[in-house]
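> 3D model of this:
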Amino acid sequence: MDFNTAFFESVFVTIVAVLFAVAGVVNLAGRGAVKRDFVRWGYPAWFHLLCGALELLSAALLAGQQTRVLGLTLAGAIMIGALFTLLRNREPFGHLAPALIFSALVVVTVALRG
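Okay, here's the model as predicted:
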C-alpha cells in the first residue's frame, strides 16, 4: 500500500469510526424519536441499546490496526440491517440518506484497504 492510499484509508477509517461512535451514543441515549422509531419499526423497546452498543464496538474495532477488518465487517452488517429496516418501512429519503452515506463510507474504506 502506497503512502496516498494509506493516508486516505486512515482518513476514511477515522471518519467512519467517529460517525459510528456518535451514532452509538445517540442510540444508547435513546432520546426523542430514537426509541419511538425502533418500536415503530417493530423492534423491542431495548433494541436501540443493542444497536448503540454494536455501533460503539464497531468504532472501537476500527481504531485498532489488527481489528480493523472486523470493525468494517461489523459496520457493514449494521448498515445492511439499517438499510433493510428503512426500506422495509418505506422511510422517507431524509431518513434513508444518512444510512446511504454511512454505507458508502464503509464501502469506500473497504475498497481503500484493497
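> so which elements touch the longest helix that the chain contains?
Longest helix of the chain, by residue count under DSSP state H: helix 3-29. Helix 3-29 sits against helix 47-63, helix 68-88, helix 93-113, with contacts defined as 3 or more C-beta pairs under 8 Å, 6 or more residues apart in numbering; DSSP states H and E. Where you see a C-beta, it was placed from the backbone N, CA and C, and this is true even at glycine.
> please identify the deepest-packed of the ones you listed.
The highest mean neighbour count among those, using mean count of other C-beta atoms under 10 Å, belongs to helix 47-63: a mean of 19.
> who touches it?
13, 16-18, 20-21, 23-30, 34-35, 38, 67-68, 70-72, 74-75, 78 (C-beta atoms under 8 Å, 6 or more residues apart in numbering).
> angle of it against helix 68-88?
Angle of helix 47-63 versus helix 68-88, following axes from the mean of the first three to the mean of the last three C-alpha atoms, to 10 degrees, is 150 degrees.
> so can I have CSV of the helices and strands packed on helix 3-29 showing mean pLDDT and distance to residue 3?
Formatted as CSV, these follow (pLDDT from 0 to 100; distance: least, C-beta to C-beta, whole Å):
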stretch, mean pLDDT, distance to residue 3
helix 47-63, 98, 21
helix 68-88, 97, 18
helix 93-113, 95, 13
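> can I get the ones you listed in a markdown table with distance to residue 2?
A markdown table is the format used below for those (distance: least, C-beta to C-beta, whole Å):
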| stretch | distance to residue 2 |
| --- | --- |
| helix 47-63 | 21 |
| helix 68-88 | 18 |
| helix 93-113 | 11 |
